[in-house]
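What shape does this take:
(chains A and B)
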Amino acid sequence: MIDLLSYGAFFLTMALTYAVICLGLNLQWGQAGLFNVGVAGFVAVGAYVSAILTTPPVDGRIGGFGLPPLAGWLGGGLGAGLLCFLLGALTLRLRADYLAIATFGAAVVIQLALLNLEGLTGGPFGIGFIPRPFGGLAGEPGLFAAANLGVLILLVLACYLVLQHLTRSPWGRVLRALREDEEAARALGKDPVAYRLQAFAIGGFVMGLGGAAQAHFIGFIAPDNYLPTLTFQVWTMLIIGGSGNMRGAILGAVLVWALWAVSGSAVSALFPSGQQARAASLQLVLIGVALSAVLLLRPRGLLGEAGTLRSPLRRADRRDTAKISQGQKTNA
Amino acid sequence: MGQGEADTVLEARDLARSFQGVAAVGGMSLRLSRGEMLGLIGPNGAGKTTMFNMLAGSLPPSSGRILLDGRDVTAEGAERRLARGLGRSFQIPRPFPEMTVLENVLCGAQDQSGERVLGALFRPGQSRRDEDAAVEKARHLTDFLMLSHLENEPARILSGGQRKLLELARLMMADPQVLLLDEPAAGVNPSLLEDIMERIVALNGQGVSILLIEHNMDMVARLCSRVVVMALGRELAQGAPEAVIRDPEVVRAYLGDAA
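Residues are numbered from 1 along each chain as shown, chains lettered A, B, ... in the order given. Prediction:
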C-alpha cells in the first residue's frame, strides 16, 4: 500500500514538473500566440543552470557552487528567461515563422553544447548528485515522496496563480488585443514587440523553473533528456489540456504524463528485453494517436479557451479573404 | 489667414509614398488647426487613406515630414501616436471580436499600471485604482456613444455602425487632441448616421481637432468649414465646401475620367 502510494506520489510529482513547463508554454502560445518549438532547450537551460549552481564542487568541471536548491531554481528560471528574451529580441520583429525557426535552432544548439562542453556540463554523462529537496528524509520513502510532491504542488499553484493573475490583468488584455488584431492594438498605443517579448521571457522563466525542479527531483541530468521529443510531449500536453487555459495546461500535463508512464510500463511488461528499445517507439505513436483524437473530437482541447488555438489560422484566413477582395477590386 | 503656425496641431510637409514605383501620394502638404474640423475628400484612389496611414504612423512615408504639436514624429510607429494625442479610426472598423464591448473600450486606456508586468504583479493597489478609473470612464463613453446595453456582449455581434461607435469610444479613452476619422459614415444606416455626426460635432465642441475622410458630401458640408480635395496623390483644391464642390477642377477629378 505504501509502495503504491509512494509510486503515485512519484508519478504525480513528475507530472507536475511537466505542468510547470506546460504553463510556461501556455503563456507563450496560448496567450501571446508565440510558436516556440524549442521548449526542450529552455527546459535544459533551467535544469543545467540549477544543477551547476547547487551541486557540490567537482574536479575538472566548472561550477558545483553548492548553493541551496531555491537559489538554483531561481537561477535556472532566470537563465532560461534571459535566453528567451535575447532570442525574442532578435526575432520578434520579423515574421512569426522566424521565431519557430530560431527556437528550434536554439534547442538543437543547446543540446549539442551540453553534449560537448564537458568542462561545464559533464558532456554526455551529464551532472549527477543534484541535491534533492528534503534529501534528509531519503531514509523514509513515504515521507520523502510526500514532501517532494508537496513542494511541486506549491510550485504549480504559485505559477498558476501568478500567470492567471497576469492573464486576467490589463496586461493580459493587451496580449489578447494584440492576438485578435495587431494593427488595431497598435493604433491604441500598444507596442506589439514589447508585449510579446515580455510574454516570451516570462514563459521562458517558467519553463526554466520547471526544468530546474525536474532536475532536482530526478537528481541526475544528461543531454539525452532534452531531445526534441520533450518539446513534442509538452506541446501535446498543452493541446490536449486546452491551449489558452492555465488549468488545461496542468490537466494536459498530468494526463499525457500518465499515458506516457502507463504505456512505458506496458511496453516493459509485454515485450522481451531485447525488443524494448524498439517497442518504446510505440509510446510516441500512442501519444500521437491521443493528440489526433483530441484534435478531431475536441479541437480546443479538454478545457480550451474559445478562439485561442485557431487564432493564427483565422488571421491567415482574413489575410486571404482580404487578398481576394483586393483582387476583385483590381479586376473590377 | 488669421491662423498662424502656433495654432497648427498637425502638419504634413511634402509627404510622399509610392508602392512598387507607383506614387500613391506625391508631395502632399496639409495643416490642421487646433479645434478645426477639416474634411479630406477626393475620388477613389486619390491617396486619402495612404495619407491617413502615414499620418497615423502605420505606414512610413517615402519622404516628407509629419509634425504633431510642432514635434517631428515622422519616424515613430503607430503605437507611439496615441500617447502623443493623435488617434485614428479605420475605414473598415477593427474591433477585437472576441472581447466584450467594455473590454474593447478599456484597451484604449493609456499608461495604466496594470498594463505593465511589474505594475500588474507588484503594484496591485495602483493597478486596481487605475483599472477602476478606466472602467468608470469606459462606461461613461459607452453611454455617450449609445453602446451601454451591449457592454458585456462580444464585439463581433455589433453592426457596422455600432462598430464605428465602438472605435470612437476606444479612441476617446485616450483623450486624444487630434482625431483622424476614416469614413465614419460609410455603411451606417441613416438614423445612426445622425447620431454619429452629432457625437463628432460634440467632440469637436470639446476642443478635439478632427481630420475627416468622407465621401458623403452632405455630411462634409455640414461638419467642415474647410475641405481639402485630393486627386492623384496631390492637393487639387481647398476652401469652403460649397465653393470647392463647384470648382471645375474638382468636378473633373470626380467625373472627368468617366466623361
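
How about the residues of chain B by chain A?
B:56, B:58, B:77-83, B:87-88, B:90, B:94-99, B:103, B:106-110, B:112, B:114-117, B:119-121, B:127, B:130-131, B:134, B:170-171, B:174 (Cβ under 8 Å from any Cβ of the partner chain). The way it works is simple: take the backbone N, C-alpha and C, and place the C-beta from them, glycine included.

Please pick the buried ones from those.
When those are checked for burial by 16 or more other Cβ atoms under 10 Å in any protein chain shown, the buried set is B:56, B:58, B:78-82, B:87-88, B:90, B:94-99, B:103, B:106-110, B:112, B:114-117, B:119-121, B:127, B:130-131, B:134, B:170-171, B:174.

Can you list which of the residues of chain B next to chain A are found in helices?
B:56, B:78-81, B:103, B:106, B:117, B:119-121, B:127, B:130-131, B:134, B:170-171 (DSSP state H).

next one: phi and psi at the nearest residue to residue B:94 once chain neighbours are set aside?
Closest residue to residue B:94 apart from its sequence neighbours, by Cβ to Cβ, 6 or more residues apart in numbering or on different chains: residue A:184 at 3.9 Å. Dihedral angles of residue A:184 (phi, psi; degrees, to the nearest 10) stand at phi -70, psi -40.

isn't residue A:184 right up against residue A:178?
No - if you go by Cβ atoms under 8 Å, residue A:184 and residue A:178 don't touch, sitting 9.2 Å apart.

Any stretches of chain B with poor pLDDT?
Residues of chain B that meet the criterion pLDDT under 70 lie in B:1-6, B:255-259.

Please enumerate the helices of it.
With DSSP H as the criterion, chain B has helices at B:48-56, B:78-81, B:101-106, B:117-122, B:124-144, B:160-172, B:190-205, B:217-223, B:241-246, B:248-255.

Redo these as a markdown table? Include distance to residue A:29.
Output for these, formatted as a markdown table (distance: least, Cβ to Cβ, whole Å):
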| stretch | distance to residue A:29 |
| --- | --- |
| helix B:48-56 | 30 |
| helix B:78-81 | 23 |
| helix B:101-106 | 21 |
| helix B:117-122 | 18 |
| helix B:124-144 | 25 |
| helix B:160-172 | 27 |
| helix B:190-205 | 39 |
| helix B:217-223 | 45 |
| helix B:241-246 | 52 |
| helix B:248-255 | 50 |
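
right, so of those helices, which gets closest to residue A:112?
helix B:117-122 (32.7 Å; Cβ to Cβ).

now for the closest one, which elements pack on it?
Judged by 3 or more Cβ pairs under 8 Å, 6 or more residues apart in numbering or on different chains; DSSP states H and E, helix B:117-122 is in contact with helix A:141-168, helix A:170-180, helix B:124-144.

What residues of the last one count as buried?
When neighbours are counted by 16+ other Cβ under 10 Å, the buried residues of helix B:124-144 are found to be B:127, B:130, B:131, B:134, B:137, B:138, B:141, B:142, B:144.

cool, the first one as well?
Across helix A:141-168, burial judged by 16+ other Cβ under 10 Å covers A:141, A:144-149, A:151-152, A:155-156, A:159-160, A:162-163, A:166-167.

Can you get me a residue count around residue A:245?
As a burial measure, residue A:245 scores 24 neighbours (other Cβ atoms under 10 Å in any protein chain shown).

Wait, it touches residue A:239, no?
No - judged on Cβ under 8 Å, residue A:245 makes no contact with residue A:239 at a distance of 11.4 Å.

joint contacts of the two?
Shared contacts of residue A:245 and residue A:239, defined by Cβ atoms under 8 Å, 6 or more residues apart in numbering or on different chains, comprise residue A:301.

Residues of chain A that sit close to chain B?
A:162, A:165-166, A:169-171, A:173-174, A:176-177, A:180-181, A:183-192, A:198, A:202, A:306-307.

Identify the residues contacting residue A:39.
A:21, A:25, A:107, A:207, A:230, A:231, A:234, A:235.

Can you say which two of the buried residues of helix B:124-144 are spatially most distant?
Across those (Cβ to Cβ), the longest gap, 25.6 Å, separates B:127 and B:144.

Can you give me every residue that contacts residue A:103?
A:35, A:36, A:37, A:38, A:41, A:87.

Oops, could you answer that again for residue B:146 instead?
With Cβ under 8 Å, 6+ apart, residue B:146 has these contacts: B:165, B:195.

Apply 10 Å and report the result again.
B:161, B:162, B:165, B:169, B:192, B:195, B:196, B:199 (Cβ atoms under 10 Å, 6 or more residues apart in numbering or on different chains).

What's the local residue count around residue 210?
Looking at chain A here, since you left the chain open. So residue A:210, with other Cβ under 10 Å, has 35 neighbours.

wrong one, chain B
Neighbours of residue B:210 using other Cβ under 10 Å come to 22.

residues in contact with it?
B:32, B:35-39, B:176, B:178-181, B:184, B:200-201, B:203-204, B:223-224.

Give the buried subset of those residues as a PyMOL selection command.
Of these, the buried ones go into a single PyMOL selection, burial set by 16+ other Cβ under 10 Å:
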select buried, chain B and resi 32+35+36+37+38+39+176+178+179+180+181+184+200+203+204+223+224
